[in-house]
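S.K.: here is the input, now give the coordinates:
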Amino acid sequence: MRVAIYPGSFDPFTNGHCDILKRAAGLFDHIIVGVLVNPSKSCLFSPEERVEMISEAAKDIVNVRVIHFNGLLVDFCHQTKACAIIRGLRAVSDYEFEMQMFSVNHQLAKDIETIFLMSSPRYSFLSSSIVKEVARYKGDISKMVTPLIEEKLKEKFYSS
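M.R.: Next up, the predicted model:
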């Protein structure tokens with residue numbers, strides 16, 4: 001069975017992330033969405049909240065499982081017997097960072113491939129940061145995230 005990891009902080013999971021996930025799911029037998037727990041990164045949603053939201057967004061993709069992890073991505077790949085890492089590229093600006101990450105991961109684990117999928121043009125502008133910024137100021141994010149994630153963002157920003 002060919003397993004791939006689709007890693008990220010996914011704070012929150014956008015329709016662009018979902019597009020990459022659906023396309024990757026057609027390439028591998030099983031995809032594990034690895035929600036990164038990084039203590040040095042300040043996230044709006046807890047790892048458990050992110051896993052719950054992504055699981056709901058991906059419920060119709062039968063070969064997907066969502067779990068959170070910490071530590072090195074290549075160690076997580078070995079623990080889950082993954083042979084590949086899926087990464088999305090939106091624009092040239094993503095390339096330099098992604099190339100650095102590929103180089104480090106390849107240095108640590110030559111047995112794990114990195115697969116880059118280009119973002120669909122309609123999502124090439126979309127990032128979790130943009131979604132949070134638009135949501136914070138009550139802009140329309142209905143085409144950027146699923147209805148559940150839109151609701152969770154509204155709860156975070158407007159209920160106090």
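S.K.: worst-scoring helix or strand of this protein, pLDDT-wise?
M.R.: helix 92-108 (a mean of 89; mean pLDDT, DSSP states H and E).
S.K.: show me the contact partners of the helix or strand hosting Gly34.
M.R.: Using DSSP states H and E, Gly34 sits within strand 30-36. Contacts with strand 30-36, where a contact means C-beta atoms under 8 Å, 6 or more residues apart in numbering, come from 1-10, 21, 24-25, 47, 50-51, 54, 58, 61, 63-70, 73, 76, 80, 82, 86. (Each C-beta comes from the backbone N, C-alpha and C, glycine too.)
S.K.: and the next element down the chain from it?
M.R.: helix 47-57.
S.K.: next, the buried residues of that following helix.
M.R.: Within helix 47-57, the residues scored as buried using 16 or more other C-beta atoms under 10 Å are Pro47, Glu49, Arg50, Val51, Met53, Ile54, Ala57.
S.K.: quick one: mean pLDDT over that helix.
M.R.: Throughout helix 47-57, pLDDT has a mean value of 97.
S.K.: chain center to that helix: distance?
M.R.: 11 Å (C-alpha atoms, centre = their mean, to the nearest Å).
S.K.: try stretch 138-150
M.R.: Remark: stretch 138-150 is offset 17 Å from the chain centroid, using C-alpha atoms, centre = their mean.
S.K.: before we move on, back to that, with the buried residues of helix 47-57 in mind, which one is nearest to Asp29?
M.R.: Checking the buried residues of helix 47-57 against Asp29 with C-beta to C-beta, the nearest one is Ile54 at 19.3 Å.
S.K.: who's in contact with Ser124?
M.R.: Ser124 is in contact with Gly16, Arg90, Ala91, counting by C-beta under 8 Å, 6+ apart.
S.K.: and for the last one, the neighbour number?
M.R.: The one in question is Ala91. 10 (other C-beta atoms under 10 Å).
S.K.: give me the pLDDT value at it.
M.R.: 80.
S.K.: quick check: phi and psi at the nearest residue to it once chain neighbours are set aside.
M.R.: Distances taken as C-beta to C-beta, 6 or more residues apart in numbering place Ser124 nearest to Ala91, at 6.1 Å, with adjacent residues excluded. Dihedral angles of Ser124 (phi, psi; degrees, to the nearest 10) stand at phi -60, psi -20.
S.K.: could you do the one 10 residues further on as well?
M.R.: In terms of degrees, to the nearest 10, the main-chain angles of Val134 are phi -60, psi -40.
S.K.: got it, and Lys41?
M.R.: Dihedral pair for Lys41: phi -110, psi 130, per degrees, to the nearest 10.
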